[in-house]
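Enquirer: Sequence and predicted model, in that order:
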Amino acid sequence: MAIRICSEERFERGDNMWSWILNLVAVVVVFSALGCGSDPEHMVVLTYDASLSENQRGIVEDDLRFFANLENLTSSTGPELLGISDFSSLSLSYWLAERVKYIVGNTYDENSFTVHEEDVDYGDDTSNKEDPSDEKDVSIGVLNGQDTQILMANYGGVVYLEGKKESKIYSISVANTDIVVASPRVGVILAGDYVFTLQTNDGSVEDDVMRFFRLSVLFHEARHSDGNGSNVCFPHSECPEGHDYEGSIGCDTASNGAYQVSVVTLNAFYEACNNCDSKDHEVLTALIADFESRILDDAATMDIAPERIR
Amino acid sequence: MKKQYLYLAIVLLTGLVIVYYTNGTENRSEPPKEPIETPSAPIEPSVKAESKPKPKSTVSNSPMSKTEKSLFQIQLDETFSALPTKEDVKGHPLKNGELPSPVVLEGGRLLGTVVQSLRNNPSQIPEALPFFQTCAQDDRLATAIRASCLRKLKDFAKESPTSYQVRNEDFPKRIVRISEKLPKTK
């Protein structure tokens, strides 16, 4: 028997109000059992370290919920770039979940990493020959609260690179869990305080456009969980002379690197944003242009397969 | 008798001078029968434009009132002055430079106010095209903003009731390449 609700006809026929209320309760129970109003099944579930405040955690979770509910995401180049069959939020969620698993906050203690194993042979001839990289030092320096603000960083990747440089495997503690960093795919992302305060002048951190921005940064960091050999973690390179970010480690020689991921995801978000007004759309456009400007003219496609030492 | 002629001549001459002066004054103060034509060219964004020639105005057929036109031009001028430069981008505390400077977001929002005006009043499009062109050609502005401006220029030129030619050769290749990766203006 079909459950009917809000039918004036029922009252006219003399059914009492209790019958109608019971029917309504039944509908609510059935809908709850079917999952109406709850999070989508494919919403990415992350583990959050205590260094992330409750408010920040709430923003990340709301962003992921918002993303899981997005419909009509399309991209002509995105599936090939990310190695997925389609550009739905479902496929993208699985892609993201493989690369991002933990979020730590600005106050995360970078000294929590310990040596898990020494004298490790990383098996490629670039591992121990690299000079100490300023990029890695800067990233760790960020954690020390030095003179730089940060939006997000792939901390797991930084630790993996550090281990590779030192021929060691490190272990880090996140959310009371010891994680052996034997691959850039450990997926530990640092979210700086700054990412939770950034907004356009007439907006708030909860505007759709800012959610899209934070999500694009999360996807960007996810790409740093990929790569192998000299391209492990898809590191950025120094922006050349004359570039807006000249001298910064903020450009890509990979045409399928983190900035390209940002470009593709933001383009899809731009098209999917039903609540965006012209200003929101132009903020997204400016972001896409900024990311695109960082892909250098001679950028080439690189292997995304992640390396793993154990 | 001669003195009388002399006095008469002086009086006549004085009278002529007075009549001439009065007529001249009346002519200068007389309201024009037709409205005064002001130049139809928009107020050029003057602050940061580089030495390249300014694009010609295409606004002569605009049906808007003079007041509306003036207000929109003021908006364009103010927007142009506030657009972020490369120096603004470098000056932000995100010194590692891995992610966009917030001034780029703000620049996008500023361009968004112009786009919103054009969506509300498409007759303003011809006036906005020189703004976008100047923006896209100004090498002091942030690259992301220049590329965004070029994208707007191309999109709105197609919607403009008056012809406005946009040639890729007039812009740096890098700006053209980036602009081509941007979504169509909504």
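Expert: Perfect, thanks for sending it. Numbering: from 1, shown residues only, chains lettered A, B, ... in the order given.
Enquirer: Show me where chain B dips below the pLDDT cut-off.
Expert: Residues of chain B meeting the criterion pLDDT under 70: B:1-69, B:92-97.
Enquirer: how about the closest residue to A:Ile84 other than its chain neighbours, what does it touch?
Expert: In space, A:Ile84 comes closest to A:Ser91 once its chain neighbours are excluded; the distance is 4.5 Å by Cβ to Cβ, 6 or more residues apart in numbering or on different chains. Heads up, the C-betas are built off the backbone N, CA and C, glycines and all. Counting by Cβ atoms under 8 Å, 6 or more residues apart in numbering or on different chains, A:Ser91 touches A:Pro79, A:Ile84, A:Ser85.
Enquirer: Does A:Val261 fall in a helix, a strand, or a coil region?
Expert: helix (DSSP: H, G, I helix; E, B strand; the rest coil).
Enquirer: Would you point out the helix or strand in chain A whose mean pLDDT is lowest?
Expert: helix A:8-12 (a mean of 32; mean pLDDT, DSSP states H and E).
Enquirer: how close does the residue nearest to A:Ile84 get to A:Ser75?
Expert: 11 Å (Cβ to Cβ, to the nearest Å).
Enquirer: What of B:Cys135?
Expert: 28 Å.
Enquirer: what about A:Leu287, how many residues close to it?
Expert: A:Leu287: 27 surrounding residues under other Cβ atoms under 10 Å in any protein chain shown.
Enquirer: pLDDT wise, what is it at?
Expert: The model reports A:Leu287 with a pLDDT of 94.
Enquirer: and whichever strand or helix holds A:Gln56, which residues are buried?
Expert: For A:Gln56, the element it lies in under DSSP states H and E is helix A:54-68. By neighbour count on 16 or more other Cβ atoms under 10 Å in any protein chain shown, the buried set for helix A:54-68 is A:Gln56, A:Arg57, A:Ile59, A:Val60, A:Glu61, A:Asp63, A:Leu64, A:Phe66, A:Phe67, A:Ala68.
Enquirer: And stretch A:166-177, by the same measure?
Expert: So for stretch A:166-177, counting by 16+ other Cβ under 10 Å, buried means A:Glu166, A:Lys168, A:Ile169, A:Tyr170, A:Ser171, A:Ile172, A:Val174, A:Ala175.
Enquirer: so of those residues, which ones are in helices?
Expert: Among the buried residues of stretch A:166-177, DSSP state H puts A:Glu166 in helices.
Enquirer: so which pair among the buried residues of stretch A:166-177 is furthest apart in space?
Expert: Across the buried residues of stretch A:166-177, no pair lies farther apart than A:Glu166 and A:Ala175, at 25.0 Å, counting by Cβ to Cβ.
Enquirer: Get me the contact residues on the stretch 201-310 of chain A for chain B.
Expert: The stretch 201-310 of chain A has residues A:201-202, A:213, A:217, A:220, A:236, A:239, A:243-250, A:263, A:267, A:270-271, A:276-293, A:297 near chain B, with proximity defined as Cβ under 8 Å from any Cβ of the partner chain.
Enquirer: what do you get if the cut-off is 7 Å, keeping everything else the same?
Expert: The stretch 201-310 of chain A has residues A:201, A:217, A:236, A:244-245, A:248-250, A:263, A:267, A:270-271, A:277-279, A:281-283, A:285-290, A:292-293 near chain B, with proximity defined as Cβ under 7 Å from any Cβ of the partner chain.
Enquirer: Any of these buried? List them.
Expert: Taking 16+ other Cβ under 10 Å as the criterion, what is buried in these is A:217, A:236, A:244-245, A:248-250, A:263, A:267, A:270-271, A:278-279, A:281-283, A:285-290, A:292-293.
Enquirer: In helices only, show me these.
Expert: Filtering those for helices - DSSP H - leaves A:217, A:263, A:267, A:270-271, A:278-279, A:281-283, A:285-290, A:292-293.
Enquirer: mind checking how far the most centrally placed residue in chain A is from A:Lys164?
Expert: The centre of chain A sits closest to A:Leu218, judged by Cα atoms, centre = their mean, with a distance of 2.2 Å. For A:Leu218, the distance to A:Lys164 equals 24 Å [Cβ to Cβ].
Enquirer: Show me which residues of chain B are close to chain A?
Expert: B:86, B:89, B:93-100, B:102, B:104-109, B:111-113, B:115-116, B:119, B:142-145, B:147-148, B:151, B:178, B:181-183, B:186.
Enquirer: Only the buried members of these: can you turn that into a ChimeraX selection?
Expert: Selection command for ChimeraX covering only the buried members of the residues of chain B next to chain A, criterion 16+ other Cβ under 10 Å:
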select /B:86,89,94,95,96,97,98,99,100,102,104,105,106,107,108,109,111,112,113,115,142,143,144,145,147,148,151,178,181,182,183,186
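Enquirer: just to revisit the earlier point, out of the buried residues of helix A:54-68, give me the two with the largest separation.
Expert: A:Gln56 and A:Ala68 (19.0 Å).
Enquirer: ok, back up a step: columns pLDDT and distance to chain B on top of the buried residues of helix A:54-68, output as a markdown table?
Expert: What follows is the buried residues of helix A:54-68, written out as a markdown table (pLDDT from 0 to 100; distance: Cβ to the nearest Cβ, whole Å):
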| residue | pLDDT | distance to chain B |
| --- | --- | --- |
| A:Gln56 | 93 | 17 |
| A:Arg57 | 94 | 21 |
| A:Ile59 | 93 | 17 |
| A:Val60 | 94 | 17 |
| A:Glu61 | 95 | 21 |
| A:Asp63 | 94 | 16 |
| A:Leu64 | 95 | 19 |
| A:Phe66 | 92 | 19 |
| A:Phe67 | 94 | 19 |
| A:Ala68 | 93 | 23 |
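Enquirer: got a markdown table for the residues you listed, with distance to B:Glu159 too?
Expert: Compiled in a markdown table, the buried residues of helix A:54-68 are given as follows (distance: Cβ to Cβ, whole Å):
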| residue | distance to B:Glu159 |
| --- | --- |
| A:Gln56 | 42 |
| A:Arg57 | 45 |
| A:Ile59 | 38 |
| A:Val60 | 40 |
| A:Glu61 | 41 |
| A:Asp63 | 34 |
| A:Leu64 | 37 |
| A:Phe66 | 32 |
| A:Phe67 | 32 |
| A:Ala68 | 36 |
